[in-house]
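> Mind folding the following:
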Amino acid sequence: MTGTEIPEARRGWRRILLKVSGEAFATETGQGISGEIVAQIAEEIVAARADSGVDIAVVVGGGNIWRGRFGLMSGMDRAQADSMGMLATVINALALQDTLERLGQPTRVQSAIHMQQVAEPYIRRRAIRHLEKGRVVIFAGGLGDPFFTTDTAAALRAVEIEADVLLKGTHSGVQGVYDDDPRTNPDAVLLDEVSYIDVLNRGLKVMDSTAITLCMENSLPVVVFDLLEPGNVRSLLRGSDLGTLVR
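Below you'll find the model as predicted:
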């Protein structure tokens, strides 16, 4: 492949789903919402839409506010703890929506948990119509059920809206998928491409097994990349080999 050739798997994307972890929204303490970081993510989304014209949907996590395992560690019921986590994703979705709207980007939040005062209920056909009209659609509330991660929600929503790719944003300087944890092993090697089966068999920390299996069964490629590096979303849409391609 020449330096100017665009990889076939990354050519002609017309609709993408961006998965943003709650931790990416966090302040330096690891908790709460950093307005600066939310603004950076929103600006990246707006610039990517202006640059490429692709439809963009987003799934947000809630780990900067609450993670189900926090409750489990204190003896909380798993379903209750997960429900709290789903509500945390709605808070992050509203923060991102507000920032996008202030940048002039029409946006809709759709929640799997009904709360009509602040968000639309998730309706697949309505979501697709919003995307077709140039709106960014933010999916919140996970799947509306406990025991499922927001990674699984991202995979399912991507399949439902017929996205061409799932872009899994990382943070903290992690560039993609490695053969070991780069935060503890400085010799960990960044993988350019890996198969779904290898992710499952090797226990690579891409997404949970349910999410990866869903992507595999629907031939949905996943790109794991550093979301907080300015310009990375636009570079990916232009055909750059950033991050790790899972297919």
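> Go ahead and confirm Asp179 touches Asp192.
No: at 11.6 Å, Asp179 and Asp192 do not qualify as touching, with contact defined as Cβ atoms under 8 Å. The way it works is simple: take the backbone N, C-alpha and C, and place the C-beta from them, glycine included.
> which of those two has more neighbours?
Counted by other Cβ atoms under 10 Å, Asp179 and Asp192 do not tie: Asp179 has more neighbours, with 14 against 11.
> Count the residues that sit near the residue nearest to the more buried one when sequence neighbours are not counted.
Counting by Cβ to Cβ, 6 or more residues apart in numbering, the nearest residue to Asp179 once its immediate chain neighbours are dropped is Val189, at 4.9 Å. Using other Cβ under 10 Å as the criterion, Val189 is surrounded by 11 other residues.
> just Ala93 next, same as before
By the measure other Cβ under 10 Å, the count of residues near Ala93 is 25.
> before we move on, what about Ile37?
Summarising burial for Ile37: neighbours were counted as other Cβ under 10 Å, giving 18.
> Grab the nearest non-local neighbour of it.
Spatial nearest neighbour of Ile37, chain neighbours left out: Phe25 (6.0 Å); criterion: Cβ to Cβ, 6+ apart.
> Distance-wise, check the one you found relative to Gly169.
Between Phe25 and Gly169 the distance, using Cβ to Cβ, to the nearest Å, works out to 11 Å.
> One more: Thr89?
15 Å.
> which of these two has more neighbours?
Thr89 (28 against 23).
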